[in-house]
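Colleague: here's a sequence, model it:
(one chain, ligands or ions: 2)
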Amino acid sequence: VLKAAIFDLDGVLVDTAQYHYLAWRRVAERLDIPFTIEDNERLKGVSRAQSLDYLLLKGNKAMPADKKREWASRKNAWYLEYLSGLNESHLLPGARLYVDSLKKTGVRIGLGTSSRNAGIILERLGIQKWFDAAVDGNMVAHTKPDPEVFLKCAHLLQVQPEFCLVLEDSTAGIQAARNAGMPCIGIGDKQVLQEADLVVSDLQELLSSTAYKEAFP
Ligand code: B16
Ligand code: MG
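Modeller: Residues are numbered from 1 along each chain as shown. Ligands and ions are numbered 1, 2, ... in the order given. Below you'll find the model as predicted:
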């Protein structure tokens, strides 16, 4: 039985993954590093610092720590620029309805995100009150695929990992759920998110999925 659902933020509840993409693409362009959609998939769910390290490795560029901090904060400034227009219309399809339906059946709601900007996003959308526990990138030492963010959330929710369902749009996040011993639903492309127990294109689709109802009655 399902006792808790732990949601990723960017790309699951809110349409901000596109803003991360646009901001990283600007970094890659400026640094003259080729940046493909596959590269972008690798950055999803991964911390800002490690995302930059990935890009630099791909571009075969060494960079001292102070320069790295500069580029990471430049990326974040661009990201925050995109976020400035954020409002309720950026909630992804089915998010509110699915969370409401879980709450009605007594399932506890958690947030497990790598983002250090989660506070601003929740506030903008007025959805802080959705969560019984929230863990973000400011509260963990290790980024996804490390299970820390999800285990910490489960601990705060006081629910054993095997009774927590994770909802994730990234391969790193699905691996993190696996590493935490939690079942996981992928939100996005079936080819990309193969390691999930079930993949749907969004939470709207999940609400009417018979495979979901059978797996998590
Ligand atoms: P920030 P999630 C992740 O959020 C994003 O998917 C990833 O692209 C981003 O680099 C990471 O947060 C860190 O975000 O720069 O805002 O601290 O998908 O785990 O909710
Ligand atoms: Mg995500």
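Colleague: name the residues that touch the lengthiest helix in the chain?
Modeller: As far as residue count goes, and with DSSP state H defining each element, the longest helix of the chain is helix 65-83. Helix 65-83 has contacts (CB atoms under 8 Å, 6 or more residues apart in numbering) with 16, 19-20, 22-24, 26-27, 31, 48-49, 52-53, 56, 63, 117, 120-121, 124. C-betas here are computed from N, CA, C, even on glycine.
Colleague: hmm, stretch 120-129 touching ligand 1?
Modeller: No. Using CB under 6 Å from any ligand atom, stretch 120-129 stays clear of ligand 1, coming no nearer than 8.4 Å.
Colleague: gap between the two ends of that stretch?
Modeller: 14 Å (CA to CA, to the nearest Å).
Colleague: for stretch 141-154, same thing?
Modeller: End-to-end for stretch 141-154, by CA to CA: 16 Å.
Colleague: so is it next to ligand 2?
Modeller: No. Interface with ligand 2: stretch 141-154 contributes nothing (CB under 5 Å from the ion), its closest point being 8.7 Å away.
Colleague: check stretch 116-128 too.
Modeller: No. Stretch 116-128 is not in contact with ligand 2 by CB under 5 Å from the ion; minimum separation 10.9 Å.
Colleague: residues in contact with that stretch: which ones?
Modeller: 9, 13-14, 16, 48, 76, 79-80, 83, 86-88, 90-91, 111, 115, 131, 134, 136-138.
Colleague: could you pull out the helices for this structure?
Modeller: 17-31, 37-43, 48-58, 65-83, 95-104, 118-125, 148-157, 171-180, 203-207, 210-215.
Colleague: looking at those, which is closest to F163?
Modeller: Within those, the stretch nearest F163 is helix 148-157; the backing value is 8.4 Å (CB to CB).
Colleague: tell me what angle the closest one forms with helix 171-180.
Modeller: 50 degrees (axes from the mean of the first three to the mean of the last three CA atoms, to 10 degrees).
Colleague: buried ones in helix 148-157?
Modeller: Using 16 or more other CB atoms under 10 Å as the test for burial, helix 148-157 gives 148-154, 156-157.
Colleague: avg pLDDT for that helix?
Modeller: For helix 148-157, mean pLDDT rounds to 98.
Colleague: touching ligand 1 at all, that helix?
Modeller: No. Counting by CB under 6 Å from any ligand atom, ligand 1 has no neighbours in helix 148-157; the shortest distance is 7.6 Å.
Colleague: what sits up against that helix?
Modeller: With contacts defined as CB under 8 Å, 6+ apart, helix 148-157 is touched by 4, 6, 108, 110-114, 132-137, 139-143, 160-161, 164, 166, 176-177, 180, 182.
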